[in-house]
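> Let's see this in three dimensions:
(one chain, ligands or ions: 1)
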Amino acid sequence: GTTLGQAAAEKGRYYGAAVGTYKFNDTTYMNLVNREFNSLVAENEMKWDATEPQQGRFTYTNGDRIVSHALSRGMTVRGHTLLWHAQQPDWAKNMSGSALRNAAINHVTQVATHFRGQIYAWDVVNEAFADGGSGGRRDSNLQRTGNDWIEAAFRAARAADPNAKLCYNDYNTDGINAKSTGIYNMVRDFKSRGVPIDCVGFQSHLGSSVPGDYQANLQRFADLGVDVQITELDILQANANAYAAVTRACLAVSRCTGITVWGVRDCDSWRGGDNALLFDCSGNKKAAYNAVLDTLNGG
Ligand code: G3I
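I've put the predicted structure just below:
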């Protein structure tokens, strides 16, 4: 393949990017998006604050723009994200208990229903586990509605869009550690009790190296019977060896269905001066780009 998307497709996978509609009139940006990627995710446009700014009043304009751009070009779409402790609208931040639980599940149902049939995989729940060694849940207004909030969200998402793959997504889960093991135990429990979960997303916001057990960690989740995806990849100074290692790991795990980078050019990145992406600010390919493409092509 001569582009990331084409080379990934030849390996039965996708190569995607997070995009923002506020850059859709930037031709350098859009040319890269259209040329290189065969999957898109909204960097912000499908989050709770964006889609339900007032309770019960839904705004899908920007999310729809991303979906129609992708689908009209044969790209798939990842949905990000139905429930998260961050980027909640103010009205939700101020709620608790059964009122918040009902509002959250209604949000899942409404948004997943709106995009029904258009989403390859939804990040149903994002970042619900705590950092550090506890392996437990993160405290949040959602968690305080009861430990079963995650499975309730997955069941509501399945009912609303039965054909979307339903993912749990998190960061600092890229190697085998207490946090990833806590998630592993949740996924194993969900599978044993028939809670609908199809995939786990590994954000992979990385320093300049990749954990030595990165592939083994993906594989242990795959062995539970879920797909795995690299969902928000960016690497400090775009270390080419690290980008190649992530690519190799995904290709080596048959249930790793694709990779998404969290932005297009370095200047589009939430990581500012980290130069963490595959294209420089002028849109030129970086060494990391060539490392990824060569690895996808089997080099
Ligand atoms: O939309 C407002 C705009 O109206 C306002 O003028 C402007 C002023 O700062 O802010 C705009 O909102 C910003 C939004 O990005 C859109 O640009 C928010 O302040 C800013 O906080 C938000 O940051 C996003 C962040 O999630 C929010 O937590 C980043 O773009 C986005 O890259 C980042 O993505 C997250 C994933 O969703 C989950 N995993 C981690 C990842 C990186 O933090």
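> For the stretch 151-299 of the chain, what lies in contact range of the ligand?
Taking CB under 6 Å from any ligand atom, the part of the stretch 151-299 of the chain that reaches the ligand is made up of 171, 203, 232, 270. Every residue, glycine included, has its C-beta placed from N, CA and C.
> Between these, identify the one with the most neighbours.
Neighbour counts for those peak at residue 232, which has 26 neighbours (criterion: other CB atoms under 10 Å).
> how much space is there between residue 44 and the ligand?
Distance, residue 44 to the ligand, by CB to the nearest ligand atom, to the nearest Å: 5 Å.
> Same question for residue 93.
According to CB to the nearest ligand atom, residue 93 stands 13 Å off from the ligand.
> who's in contact with that residue?
Applying CB atoms under 8 Å, 6 or more residues apart in numbering to residue 93 gives the contacts residue 141.
> same deal with the one 3 residues further on?
The neighbours of residue 96, taking CB under 8 Å, 6+ apart as the test, are 141, 144-145.
> okay if I get these as TSV plus distance to the ligand and neighbour count?
Output for the contacts of residue 96, formatted as TSV (distance: CB to the nearest ligand atom, whole Å; neighbours: other CB atoms under 10 Å):
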residue	distance to the ligand	neighbour count
141	16	18
144	20	14
145	21	21
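> Rebuild those residues as a markdown table, extending it with pLDDT and secondary structure.
Converted to a markdown table, the contacts of residue 96 look like this (pLDDT from 0 to 100; DSSP: H, G, I helix; E, B strand; the rest coil):
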| residue | pLDDT | secondary structure |
| --- | --- | --- |
| 141 | 98 | coil |
| 144 | 98 | helix |
| 145 | 98 | helix |
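> got the residue ranges for the helices in the stretch 101-250 of the chain?
With DSSP state H, counting those that start in this stretch as the criterion, the stretch 101-250 of the chain has helices at 149-160, 178-193, 214-222, 240-252.
> any idea which helix or strand comes after the last one?
Going down the chain from helix 240-252, the next helix or strand is strand 256-261, by DSSP states H and E.
> And the helix or strand that that next one is followed by, how far out from the chain middle?
Per DSSP H and E, strand 256-261 leads on to helix 287-296 as the next helix or strand towards the C-terminus. Its chain's average C-alpha position is 21 Å from that of helix 287-296, according to CA atoms, centre = their mean, to the nearest Å.
> Could you report the separation of the residue in the chain positioned nearest to the ligand from residue 106?
Going by CB to the nearest ligand atom, the ligand is nearest to residue 270 of the chain, at 3.6 Å. As judged by CB to CB, to the nearest Å, residue 270 and residue 106 stand 29 Å apart.
> do residue 246 as well
Where residue 106 is concerned, residue 246 sits at a distance of 37 Å (CB to CB).
> Of these two, give the one with the bigger neighbour count.
A direct count of neighbours by other CB under 10 Å for residue 246 and residue 106 places residue 246 higher, at 27 against 14.
> With that, I have no additional questions.
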